[in-house]
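turn this into a structure:
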Amino acid sequence: MANHDFTFQLTSFHDAVLPQPLTFAPPYANLASDPQGFSRFWQFAHYVFRLPDPAAFPAFPTEPQPQDRVTLDRFISSCRELAGYTMMSAHDTVEMFPNPRSGSGHRATFSSSEVIRGASVLFRQLYAEDSGSYRAVVQIVSKAHRTAQDQFTDQRADWLGAWRPVHGKLLQQRIEAIVARKSLRAEGAHESIPVPFEHESPTELLSIFFYGDLIHWGDSRPKHDSLIKNPLMQDLRKLRFLEAMVGLAHYYLGISAMLTTAFPKNDN
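Numbering: from 1, shown residues only. Modelled structure (predicted):
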């Protein structure tokens, strides 16, 4: 009897929605070593969020306070630097395949520890509560929006109303999981159909890796160390951590692009 080999190519729920149209250029893609990776995130974002163009945000009529300008400049410069990091253009993967001995196996391809650790440190400055963080610039934008009473007030409110809730959603779920669930619903699939790792919180993943190994060998060390007991789950969780971090990073790049139009510099 002849032996036949079969090759199956499976597409994830989230990648099945690609391609999607882009209504604005991916922020800072011109600084990336692989702009296509930036496009992928923003295609996902278009599918689930339909966000308005960062460059369409009307400039505020008054200059920010000097210390606020320092904070804004720090956030923008950090985002521009992060956009050029190879981590933002990486092609990290975990592949699973049949193994004649064990029944299954897997192969993981990740960026170097040097690359991941370096990106994590800068990302954390945007993500946490540092003086140049996302939370700091949101406070500045909110203050400017409350005090600016001009013909663009409603337009700014619409823009902020679309963008600001996305941050909370990306803290709760990776964009890949959000896209996958919407794709299944669009196909009429029952809610009981699982999306892999849908309920794993990016906030928890960031805490485990940042404070269990990458930045601090601290309070999350027991959770991080427990991953070593299962190499496959260790690699899958590391991949999901990277997806969570890069997804939030792209969101911050979008906010940074908005800030450059909201608070233009007066060179005179």
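
all helices for the stretch 101-250 of the chain, in order.
According to DSSP state H, counting those that start in this stretch, the stretch 101-250 of the chain carries its helices in the segments 113-127, 134-147, 153-172, 175-186, 202-209, 221-226, 231-262.

among those, which is nearest Pro64?
The closest approach between Pro64 and any of the helices of the stretch 101-250 of the chain, judged by CB to CB, belongs to helix 134-147 at 6.3 Å. Yep, even glycine has a C-beta here, placed from its N, CA and C like the rest.

list the buried ones in the closest one?
By 16 or more other CB atoms under 10 Å, the buried positions in helix 134-147 come out as 134, 136-137, 140-141, 144-145.

these two touch, right, Ala16 and Ser183?
Yes: counting by CB atoms under 8 Å, Ala16 does reach Ser183; the two are 6.1 Å apart.

please identify which of those two sits among more neighbours.
Ranked by neighbour count (other CB atoms under 10 Å), Ala16 and Ser183 place Ser183 first, with 19 against 13.

got any ranges where the stretch 151-268 of the chain has weak pLDDT?
Counting by pLDDT under 70, the stretch 151-268 of the chain shows low-confidence ranges at 267-268.

picking that back up, for the helices of the stretch 101-250 of the chain, give me JSON lines that also has distance to Ala83.
Output for the helices of the stretch 101-250 of the chain, formatted as JSON lines (distance: least, CB to CB, whole Å):
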{"stretch": "helix 113-127", "distance to Ala83": "11"}
{"stretch": "helix 134-147", "distance to Ala83": "15"}
{"stretch": "helix 153-172", "distance to Ala83": "17"}
{"stretch": "helix 175-186", "distance to Ala83": "17"}
{"stretch": "helix 202-209", "distance to Ala83": "19"}
{"stretch": "helix 221-226", "distance to Ala83": "28"}
{"stretch": "helix 231-262", "distance to Ala83": "6"}
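
so which of those helices gets nearest Phe41?
Nearest of those (CB to CB): helix 231-262, 4.5 Å.

tell me what angle that closest one forms with helix 202-209.
Between helix 231-262 and helix 202-209, the angle comes out at 120 degrees (axes from the mean of the first three to the mean of the last three CA atoms, to 10 degrees).

ok and helix 231-262 relative to helix 175-186, angle-wise?
Here helix 231-262 runs at an angle of 90 degrees relative to helix 175-186 (the same axes, to 10 degrees).

and helix 231-262, what's buried?
Buried, per 16+ other CB under 10 Å, within helix 231-262: 234-260, 262.

what does stretch 109-118 give?
Neighbour counts using 16+ other CB under 10 Å place 110-111, 116, 118 of stretch 109-118 among the buried residues.

now stretch 65-83
Buried-residue list, stretch 65-83, by 16+ other CB under 10 Å: 68, 71-72, 74-76, 78-80, 82-83.
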